[in-house]
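Engineer: fold the following for me, if possible:
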Amino acid sequence: MTMPHDSIDIEAQAEGPLRPPKAAIVIIGFLVIAAVIFVASSLRQSVPLTFYPVSVVDPQEVGEQLVGPSVFTVDGRVDDFAYFDFSSGSVVESPGPLGWDLAFQRFTILANGGPNFAGQGGLLDLGITSLDSVTTVPTNGYEVNSSGRDVSNAATARWYEYSWTSHLLTPKLTVFAVRTADSRYAVFQILSYYCPAAQAGCTTIRYRYQGAGGTAFAPHG
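Structural biologist: Next up, the predicted model:
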């Protein structure tokens, strides 16, 4: 027996409109979230870059005293590393095995310690905080450099935020503790990664150095 067309229409209406599959809803939701994150990232990178001129290379021994806060800009745009020595407050050219504490090459920052390094150096991530609020540093937990062809240091491997929209590196304002090549201590914070004209590779640090060899960074008196 053939069912009247009116009955078929009534049953179709009772079932309601067709619903999109759950997979499609999930995909659409994911795309919306991704778009929001992308836009938010773009807006966050609208902050102008801060540039610092490259500091003059003029090593001068500071002696056994608390130094800083001081600011120094290292030109790490060259193919080889640029070496910074806290005890002389400067980049040093052609240093000896123990004559430097930090090495800079573009966004890579190394300590003078680890396999194939002569020093006792290391780096420790103290988190995002104020450099001036650090009054003492630990004696343990410092990361030495890795071995192998592409040498790195785990403490400073991700000191920056990278923008996929502007392709710029922005410092996280993390404070790092340093055990120097001769087992003294310093703290530093990265302020900028750019030279004037937005050239990448010039790392500006604000630092304090305890030349007396202790772990305290609070001034006496």
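
Engineer: which ones are touching residue 213?
Structural biologist: Residues near residue 213 by CB atoms under 8 Å, 6 or more residues apart in numbering: 64, 183-185. (Each C-beta comes from the backbone N, C-alpha and C, glycine too.)

Engineer: quick one, strands of this protein?
Structural biologist: For the chain, strands defined by DSSP state E occupy the ranges 66-75, 82-85, 90-92, 102-105, 108-111, 122-128, 160-162, 169-171, 174-179, 185-195, 199-210.

Engineer: possible to save those as JSON lines with distance to residue 53?
Structural biologist: Conversion of the strands of the chain to JSON lines gives the following (distance: least, CB to CB, whole Å):
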{"stretch": "strand 66-75", "distance to residue 53": "7"}
{"stretch": "strand 82-85", "distance to residue 53": "15"}
{"stretch": "strand 90-92", "distance to residue 53": "14"}
{"stretch": "strand 102-105", "distance to residue 53": "16"}
{"stretch": "strand 108-111", "distance to residue 53": "20"}
{"stretch": "strand 122-128", "distance to residue 53": "26"}
{"stretch": "strand 160-162", "distance to residue 53": "21"}
{"stretch": "strand 169-171", "distance to residue 53": "18"}
{"stretch": "strand 174-179", "distance to residue 53": "23"}
{"stretch": "strand 185-195", "distance to residue 53": "8"}
{"stretch": "strand 199-210", "distance to residue 53": "9"}
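
Engineer: quick one: closest of the ones you listed to residue 21.
Structural biologist: Across these, residue 21 has its closest neighbour in strand 160-162 (36.1 Å, CB to CB).

Engineer: the closest one: partners in the sheet, and parallel or antiparallel?
Structural biologist: Looking at strand 160-162 with DSSP bridges, its partner strands are strand 169-171 (antiparallel).

Engineer: and the contacts of the partner strand?
Structural biologist: By CB under 8 Å, 6+ apart, the list of residues contacting strand 169-171 from outside reads 45, 47, 107, 159-163, 189-193, 200.

Engineer: name the residues of stretch 142-160 that are buried.
Structural biologist: 142-145, 151, 153, 155-156, 159-160 (16 or more other CB atoms under 10 Å).

Engineer: nearest to residue 27, out of the strands of the chain?
Structural biologist: Across the strands of the chain, residue 27 has its closest neighbour in strand 160-162 (26.5 Å, CB to CB).

Engineer: which outside residues touch that closest one?
Structural biologist: 107, 168-172, 190, 193.

Engineer: so what's residue 199 scoring on pLDDT?
Structural biologist: Note on residue 199: pLDDT of 84.

Engineer: for residue 1, same thing?
Structural biologist: Residue 1 carries a pLDDT value of 46.

Engineer: and of the contacts of strand 160-162, the nearest to residue 120?
Structural biologist: Relative to residue 120, the closest of the contacts of strand 160-162 is residue 190; by CB to CB it sits at 23.0 Å.

Engineer: was I right to think that closest one contacts residue 175?
Structural biologist: No: applying CB atoms under 8 Å, one finds residue 190 not in contact with residue 175, separated by 9.4 Å.

Engineer: show me what residue 204 bridges to in the sheet.
Structural biologist: residue 73, residue 192.
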